[in-house]
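Asker: below is the structure, and that's it, no one-letter string:
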Ligand code: ATP
Ligand code: MG
């Protein structure tokens, strides 16, 4: 491709709306252009990368025997009403009406549509298992679109759905996708980890998220410093260390703590460490009020609390609800004297071992000192209710937990019969018995993957593309195309390199050398071949973008050098 005819609007200035490197660079290198918040066009260079990632995804999906289809982005509301998601999905779902006033959605995901295809097309165990996938534009009206195409409102996703006759089949389909994802992200040159995530009602090892490691990631990953354990913060199990303190319980004491509402204020006021205090937090779990107790230096994990009750919805109680249910102002809530109140008291397992702790007294400006759970109040259930912390023991091997941040680029999930039951997607088994299909779903954010790779592969001058998804392999630059020797050599090399099957971007523009080099670093193609003043001596300069390594090569050696260098990248 000749750069003189390429739509490549590079920017020198850093766009003010961009907060993170990949967003800035994707705008500056002319890969994408915003149309409206969270909605982007892909310009030629950007779309070439999207196509490369798409190709890798397609090859690996096909390799795992999944079948590519294409489903409509526009879907009738009735399908979403069948599964209850017309209500449950909330404002993220883009809804619209046609001229006959019928309601539709723009698909944020395709469980409903694909299940309707399976329901109509498959009726016997003989046609299972099957895995259907597509690569398509998705729509989600995100509350806060940001980070460019990382969290967009219109984005490209690969979504796959497996249908099996039983759980073992699902496990196999899931593993095949897990393996395919591992190959895909490896091929894309990404530094990633597959982490266990919360599977909600399904439980068990029912879901993994594939995370690109990056400081700008919105998710916290807890990983072990000595084994391969990695889990999303919300999911990581805390090992109960159960150690009695050996302290003797002292007499309960009510202390005046005027306007002391937070744990930080309390520990300072009483001169006690946070692990001597208990936070009491009121939640509404489905229809029930639950008071959750957690050690002052720990953080409550509301997903674990939700799972303890097998609930669908969990909300922190409002100030008003706290007053209505417990008769206590927020900041002084505590577990003592609640026998008559409509509330269940549960606690994190670490609370079980506490002696002489401090809790809110349930009235303004007072706390209790020297409380001991079991003696001063009853807990109906203890469990793992807190977030794991750095330094905690690994639940798999006892090693030490560390934290990293990640961008979720892929997600594999065992759905079970959640959709097939609601939508009556059934088949007849070997004995002629009707059963719901067992489903899994598997997503990859194609556009987010592109951005995550940029986030991981750049320097202060621009992007550093991994060869596998670079928009072109080679950047061929004629420093001064007005010079006859340079032009002749450049044109001839352009011809030869293209002939040899490489993708080459040929900068034949009548621009200053400085501009060309700046653009080249910004765009970040793996290998740059520059034809300058030494063209008359038959010499060119080759530079590897990643290492910065530069070498002068005889023009007739360029092809060999190039082949060898690229094979090592
Ligand atoms: P997130 O927690 O980041 O919102 P999600 O759990 O909603 O993601 P899924 O429903 O599992 O995401 O979608 C599958 C994949 O699609 C994700 O792993 C991610 O790579 C991508 N994706 C999801 N939402 C967006 C978005 N708003 N913009 C770009 N890619 C997205
Ligand atoms: Mg989301």
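Answerer: On my side now, so go ahead. None of the values given here were measured: they were computed from a predicted structure. Ligands and ions are numbered 1, 2, ... in the order given.
Asker: use CA for all of it now, contacts and neighbours both
Answerer: OK.
Asker: quick check: residues of this structure near ligand 1?
Answerer: By the rule Cα under 6 Å from any ligand atom, the part of the chain lying against ligand 1 is 149-153, 155, 157, 408-411, 443-445, 448.
Asker: can you do 8 Å?
Answerer: Residues of the chain lying close to ligand 1 (Cα under 8 Å from any ligand atom) are 108-109, 139-142, 145, 149-159, 209-210, 218, 407-412, 442-449.
Asker: what's the closest non-adjacent residue to residue 24?
Answerer: Using Cα to Cα, 6 or more residues apart in numbering and skipping the chain neighbours, the partner closest in space to residue 24 is residue 18 (5.4 Å).
Asker: ok, the one you found - contacts?
Answerer: Residues counted as contacts of residue 18 (Cα atoms under 8 Å, 6 or more residues apart in numbering) are 24, 147, 148.
Asker: out of these, which is most surrounded?
Answerer: residue 148 (27 neighbours; other Cα atoms under 10 Å).
Asker: mark out where each domain of the protein begins and ends.
Answerer: Domain ranges of the chain: 3-237+402-455, 253-383, 472-566, per automatic domain parsing.
Asker: please determine how far residue 98 is located from residue 75.
Answerer: 11 Å (Cα to Cα, to the nearest Å).
Asker: common neighbours of the two, please.
Answerer: Counting by Cα under 8 Å, 6+ apart, the common neighbours of residue 98 and residue 75 are residue 104.
Asker: so between those two, which is more surrounded?
Answerer: residue 75 (19 against 8).
Asker: what's the helix or strand harbouring the more buried one in contact with?
Answerer: Element membership for residue 75, per DSSP states H and E: strand 74-76. By Cα under 8 Å, 6+ apart, the surrounding residues in contact with strand 74-76 are 102, 103, 104, 105, 106, 107, 113.
Asker: what do you get for stretch 80-90?
Answerer: 77, 112, 419, 422, 423.
Asker: drop the exposed ones from the residues you listed and show what's left.
Answerer: If you count burial by 16 or more other Cα atoms under 10 Å, the buried members of the contacts of stretch 80-90 come out as 77, 112, 419, 423.
Asker: measure residue 251 to ligand 1 for me?
Answerer: Distance of residue 251 to ligand 1, given as Cα to the nearest ligand atom, to the nearest Å: 48 Å.
Asker: list the contacts for that residue?
Answerer: 370, 371 are the contacts of residue 251 under Cα under 8 Å, 6+ apart.
Asker: and it, what element?
Answerer: Using DSSP H and E, no helix or strand contains residue 251.
Asker: grab the most central residue of this structure for me.
Answerer: In the chain, the centroid-proximal residue (Cα atoms, centre = their mean) is residue 408; its distance is 1.4 Å.
Asker: where do the helices sit along the stretch 251-400 of the chain?
Answerer: With helices called from DSSP state H, counting those that start in this stretch, the stretch 251-400 of the chain shows them at 263-270, 302-308, 319-326.
Asker: again, but for the chain
Answerer: With helices called from DSSP state H, the chain shows them at 21-28, 44-63, 77-83, 85-88, 111-121, 167-187, 263-270, 302-308, 319-326, 418-422, 446-456, 484-499, 513-523, 558-568.
Asker: can I get those helices in JSON lines including mean pLDDT?
Answerer: Formatted as JSON lines, the entries for the helices of the chain read as follows, by pLDDT from 0 to 100:
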{"stretch": "helix 21-28", "mean pLDDT": "97"}
{"stretch": "helix 44-63", "mean pLDDT": "98"}
{"stretch": "helix 77-83", "mean pLDDT": "96"}
{"stretch": "helix 85-88", "mean pLDDT": "91"}
{"stretch": "helix 111-121", "mean pLDDT": "97"}
{"stretch": "helix 167-187", "mean pLDDT": "97"}
{"stretch": "helix 263-270", "mean pLDDT": "93"}
{"stretch": "helix 302-308", "mean pLDDT": "94"}
{"stretch": "helix 319-326", "mean pLDDT": "95"}
{"stretch": "helix 418-422", "mean pLDDT": "95"}
{"stretch": "helix 446-456", "mean pLDDT": "98"}
{"stretch": "helix 484-499", "mean pLDDT": "97"}
{"stretch": "helix 513-523", "mean pLDDT": "97"}
{"stretch": "helix 558-568", "mean pLDDT": "95"}
